[in-house]
Structures are given as C-alpha cells and as structure tokens.
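Student: Sequence and predicted structure are below.
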Protein chains: 2
Amino acid sequence: MTPISIEETAAFLTQCKDAYILIHRSPDGDCIGSGYSLQAVLKQFGIRSRVLCDDPIPHRFGYLLPDEEEEDFEPQCILSVDVADEALFGSLQERFAGKVDLCVDHHVSNNGYAARLLVEPEASAACEVLYKVYRAMGVKMNKQIAMCLYTGIATDTGCFKYSNASADTHLIVSEIMREFPHIRYDLINREMFTVKTRGQLAAETFMLRNMEYHADGRITIVWATKAICEQHGVDVKDMEGLTSLGLQPEGVEVGITVRERENGEFKVSMRSARDVNVSAICQSLGGGGHVKAAGCTVSGTIDEMRRTLLAAVEAVL
Amino acid sequence: MTPISIEETAAFLTQCKDAYILIHRSPDGDCIGSGYSLQAVLKQFGIRSRVLCDDPIPHRFGYLLPDEEEEDFEPQCILSVDVADEALFGSLQERFAGKVDLCVDHHVSNNGYAARLLVEPEASAACEVLYKVYRAMGVKMNKQIAMCLYTGIATDTGCFKYSNASADTHLIVSEIMREFPHIRYDLINREMFTVKTRGQLAAETFMLRNMEYHADGRITIVWATKAICEQHGVDVKDMEGLTSLGLQPEGVEVGITVRERENGEFKVSMRSARDVNVSAICQSLGGGGHVKAAGCTVSGTIDEMRRTLLAAVEAVL
C-alpha cells in the first residue's frame, strides 16, 4: 500500500481505463454519492465505469443514479470509495480482495488494503475528499455531481450536526451551492433526515417507548427484532436513519441501536454524544468506524447481546 | 420608516449610546444570539446595552449569556433584532411601541415599525445579517460572539436543513469555524437539536402516537394541551423543538403543531414540507413568519381550533 496525494489521485484517475468502482455493503449516502459522482467524473474523461455494491441502492437515493443503464465490461482498474476494509465489499470480496488499485476514503480505521490509498481522516465524508480530487482534475461540475457530493457530505455529518463538519466542509458546500443555487437541497435534506414512512414512524415510536437506560442513564439501548419490524411493516434496512435515537435523552454518552439482521445476528450501531470513542469499542467487538459513529455485529440472544455490549461500553466509561 | 444599508447600520450602531436591545417573546436561538452578540459588539465600542425580553431566556441558551450582570440605565437608543412586529415585544410593547430607532431583521413579513430598518429576507437568520454588519463595523470576533452567531444561524435553518440555508449561510459558518475551530459546535448542535429530557421524549412519543392525518395525509396535526404536558412533566415552552414533528410522514405538505398556551388559547406552529406558503396561511389567521415556518394564535376548543386550521390550510392546498 502506497499513500498518495490529492494530485497523484487526480493524475491516476485521469489515466485509468474501464474501471469498477466498489462501494460498501449496506450503502449509505456517502458511498453512493462518492461512487456515482466518480462515475460521472470519469465519463467526462471518456472513461467508462460501473458502480458495484453488494446490496441494492435504496430507493430514496434514486435521484443520484445516472439515467443510462450501466454497460458491462471486464475491468482494467479497480477503485473503491468510502470502504475502510475489504470485508465491507460483502460477497464481492471474494472476487476483488487484494485487487484494488486505488482507494479514496476518510475513515481513520482504513486498513490499507489497496495498492494506492488516499485517506483524509479529517474530512467529514469521502465526498469531501473527492471534491478536492475533482477540483485537482479540473472537473466541470454538473448538477448530478453536485447532488452526489452534497448528499454524501450532508448524510455523513448528520446534516452538519456532528463534530466532523468543519470549516472546510461548510466552505465546500458553500461552493457547491454557489455554483448550483437551484438544486433543492432542502428537499434532499427532507428526504434524508425527515421523511419517514408511517411504518417507520410506528417503529420509532415503539423504540422510543422501549428505550433502555443503563449505567445511570449514560448508556441507552434501543433494539428491534425482525418480528417487531414485521409487526410494524418496517424493513430493517430502512431503519438506518434511526441510529441516533438513543442519543436524545439528557445525560447519555453512548447510544446503541441494535437491529436483528439474521436470526441471532444483530447489527449494532453505536453513537457517541460527546467524547467517548465508540470506534475503539466497536473494534474490540470486531467492528469499526468513526470515533463518534461506529458499528459491529454481535451474535446471540437479546440478553447475551445486551450483556456483551454493556460490558464493552462500561469498560471505557 | 427608512430602509438603511449594512454600512449605514454599522455607522448608526458605532455612534449609539446606552442602548436597549429588544428581542421577541418566546425567545429562540436567533433572537437570543442576535441580542447577546450585539451587546458584546457594542461593548467593544464602549457602548453599554441591555437585552430585554418579555420571557425568560430558556436555560439551554445559558452559554450565550455574558458572565457579568446587566446594569440598569435609562436608554438613549432603542434597538430591536429579529422582531418582525412590535406585537412580539409582548408586555414590553406598551413601553417601546413607536420608539424603536433601528431594527435589524430577516423576516419578509417585517411591518416596518422602526425608524430605521435593515431587513434582508434572503438571510437565513437575523444573525446572518448581523454578521455582515459586524464585519462592516470592523468588529474583532470573540468566542461568545461566534457562539451567538452560530447558534442563531444553526437554529433558524434547522441545522442547515431548510431552504433558507444558502451559499452565503455556509460561507459565514465556514468563516466563523475557521476563526474559532475549538468551539464545540457539535455540542451546541446536540443541545439544540438532539437532547431532550425524558419528559420531552415521553411527550414526543405521545404526540407521534396521536398524530392526526387530514386531507389524504397532506396535513398533519399534533397537539398537546396543558393537561397532557403536565401529565408527562413537560413545560409547554420546552416543546419548541418539536414543531417539525408533523413533517415526518411521507406525503405531508403542511405539519401543524398546536400547544395550549392559556386555557382556550392555542399557539400554532405551521411548517411547510415543500412549497406551500404557510406564512400567508398564518397571516390569514392573524399571525405571520416565514414561507416555510410560521405561526399564529387560535382560540376556542380543540375541535374549533382543528376546524379553523384545516379550513385555512385546505383553502390553499
């Protein structure tokens, strides 16, 4: 693995050919915005590319996708964006492990699996890193690229709420908005941060009513099993937006949201209200992520899961 | 009333003396940030001032207040910030109506009650207008001023979520963050947008469970009477942050939150999801505000209140 600069990344991208762009499973706004903005940028340079993801792109991100069908071809270049670890390729790992030519990322936990690596841990989002790369490439922004980058940055910062939203973040967003003042950013934000189906609202209501307080209220756990989700007509994957529910109560330090993935396997999202490093906690459980927003997978019964998580968090509180 | 420019406002402020700064009743982040930043700025010019509000400043805005006690004096100059109408002075109206020397505001509905008026309807917040005024005054920003301005802008844009957050808005925030990178903006945002007491969470849960859908789901009404608030240990005034609850369901155009103020008098907050002008609707009911966030007061029983509000909204849907 060789760390490379913004300029070297720009140079590499302008000369690549027939690229696959890998994004992580359970795709979010940042990897989707990164992947599809990069595809649009490469297209400007006459380079064809495909975005590959182990999971389908959720419907609400549909406005970021290109109008044309993606053609199939054998890749000559493998890129990844916003992927800290090859394990996050999911089933694509088998085919692409050890073969990534360039990774652009912002996760401090990136384990350096790619031949070339551009990681900016200070950046709020991979889209923030890519914005600088695109500028270095002399890209002419268009509306789709602007919407991709805005979406990636907005979603990864919780709409500029979290500590990763920096002066640079706001400056980049200001530049995007200045160039494209007629994009309805407010409707993007509404779609990303506000809108819920009635089923999701019902699930949220359920979760709020069943929030568990531990360690004198410094830890909250809210969990939903498949059965509960089905009962409320909610797809577990639609609940991504609810991961910070547990940070709402006064005095909480760590909010844990647990969603059943398969029988006996739980997807855990851990959020930090202030200064607890949940990335380290999740790493101790085999996961990873950001200092204030991380995740892992835990197996067992609900009771076992609860004990495992509480022990890991209480060890650092 | 004479409209004046940023520069004329700056000139007027630098030569004023012994000023009262009036903000609106039910004070929010923008008028509090405006008032106390202006007080800190005037202090730099050796001008003493007091911030006057008909209601107490909510506890969670305590970090914006100066350490020193405000001394009392007879005013020689009356200023108002973020106040669109003298009626919003509340009980202070009697003393100050017709006597305001300068008003700085961003409400398009400002009715021009002041001798000098600086209104920028494009600005997301009065704090955004004041930032430009302070720059024109050559103010040396300090941490308190920065926190006031950030708080005003963040709260009035819903943490940059609404359509009033512009390229200018993000640029100003970027400049503030660049100058004061060590302010914990994330903790301000947490306090403003995330933290709720357990009682508030209970009230929110109650409201979500009792959300009324009208006009094929295009209008929602959530309401709370004093009795319900008492039952959940919630102060009606603490519920300010819940005004956009009703915009969460898919397909909704207007979300109405109604809180009982006195027996039989309801404070109505109306929010628009997309393009319905709720300011016009609220004006028709004797209130006012912004295109997408407005308010009014309605009297009567809950049934009467519901009929009145639905008729007014359905007339424009």
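Tutor: Great, that's in hand. Numbering: from 1, shown residues only, chains lettered A, B, ... in the order given.
Student: Please make it C-alpha for all contacts and neighbour counts, starting now.
Tutor: Fine.
Student: Now do the same contact list for residue A:47.
Tutor: For residue A:47, the contacting residues are A:16, A:17, A:18, A:19, by Cα atoms under 8 Å, 6 or more residues apart in numbering or on different chains.
Student: quick one: it from chain B, how far?
Tutor: Distance, residue A:47 to chain B, by Cα to the nearest Cα, to the nearest Å: 32 Å.
Student: In three-state terms, label that residue for me.
Tutor: Under DSSP: H, G, I helix; E, B strand; the rest coil, the three-state class of residue A:47 is coil.
Student: any idea how far it is from residue A:18?
Tutor: From residue A:47 across to residue A:18, the span is 6 Å (Cα to Cα, to the nearest Å).
Student: rewinding a little: just the ones of the contacts of residue A:47 in strands?
Tutor: residue A:19 (DSSP state E).
Student: From the contacts of residue A:47, list the buried ones, please.
Tutor: By neighbour count, with 16 or more other Cα atoms under 10 Å in any protein chain shown, the contacts of residue A:47 hold A:16, A:17, A:18, A:19 as buried.
Student: Keep the residues you listed, but drop any that are not near chain B.
Tutor: For chain B, no contacts are drawn from these by Cα under 8 Å from any Cα of the partner chain.
Student: how about a markdown table for those residues, with distance to residue B:79 and pLDDT added?
Tutor: Listed next are the buried ones among the contacts of residue A:47 as a markdown table, based on distance: Cα to Cα, whole Å; pLDDT from 0 to 100:
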| residue | distance to residue B:79 | pLDDT |
| --- | --- | --- |
| A:16 | 61 | 97 |
| A:17 | 63 | 97 |
| A:18 | 64 | 98 |
| A:19 | 61 | 98 |
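Student: can you list the weak-confidence ranges in chain A?
Tutor: Regions of chain A meeting the criterion pLDDT under 70 cover residues A:232-241, A:263.
Student: Distance of the residue of it most remote from its centre relative to chain B?
Tutor: Centroid-distance maximum for chain A: residue A:216 at 30.8 Å, with Cα atoms, centre = their mean. Noted for residue A:216: a distance of 13 Å to chain B, by Cα to the nearest Cα.
Student: ok but that residue is inside a strand, no?
Tutor: No: checked against three-state DSSP, residue A:216 lies outside a strand; its state is coil.
Student: rewinding a little: quickly name whichever of the buried ones among the contacts of residue A:47 is closest to residue B:280.
Tutor: Nearest to residue B:280 among the buried ones among the contacts of residue A:47 is residue A:19, at 52.3 Å by Cα to Cα.
Student: May I have the beta-bridge partners of that closest one?
Tutor: residue A:49, residue A:77 (DSSP bridges).
Student: can you pull the contacts of the nearest residue to residue A:74 once chain neighbours are set aside?
Tutor: Leaving aside its sequence neighbours, residue A:74 sits nearest to residue A:18 (Cα to Cα, 6 or more residues apart in numbering or on different chains; 7.3 Å). Taking Cα under 8 Å, 6+ apart, we find residue A:18 in contact with A:47, A:48, A:49, A:73, A:74, A:75, A:76, A:77.
Student: Looking at these, state which has the most neighbours.
Tutor: Using other Cα atoms under 10 Å in any protein chain shown as the neighbour test, those are led by residue A:49, with 29 neighbours.
Student: Make sure it is actually in contact with residue A:39.
Tutor: Yes: with contact defined as Cα atoms under 8 Å, residue A:49 and residue A:39 form a contacting pair (5.8 Å).
Student: how about the residues of chain A that lie near chain B?
Tutor: Within chain A, the positions lying close to chain B (Cα under 8 Å from any Cα) are A:159-163, A:166-171, A:173-178, A:181, A:184-187, A:189-190, A:194-198, A:201-202, A:205, A:208-209, A:247-250, A:273-274.
Student: Which ChimeraX command selects the buried ones in the residues you listed?
Tutor: In ChimeraX, this line selects whichever of the residues of chain A next to chain B come out buried by 16+ other Cα under 10 Å:
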select /A:159,160,161,162,163,166,167,168,169,170,171,173,174,175,176,177,185,186,187,189,190,194,195,196,201,202,205,208,247,248,249,250,273,274
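Student: can you list the domains in chain A?
Tutor: A:2-193, A:198-316 (automatic domain parsing).
Student: what's the closest of those to residue B:151?
Tutor: domain A:2-193 (11.7 Å).
Student: how far does that closest one stretch from start to finish?
Tutor: Start-to-end, domain A:2-193 (Cα to Cα) is 37 Å.
Student: same check, this time on stretch A:92-103
Tutor: Termini of stretch A:92-103 sit 15 Å apart (Cα to Cα).
Student: buried sites along that stretch?
Tutor: Neighbour-count burial for stretch A:92-103 flags A:92, A:93, A:100, A:101, A:102, A:103 (criterion: 16+ other Cα under 10 Å).
Student: Name the nearest residue to the first one, ignoring sequence neighbours.
Tutor: In this case it means residue A:92. In space, residue A:92 is closest to residue A:54, 6.3 Å off (Cα to Cα, 6+ apart).
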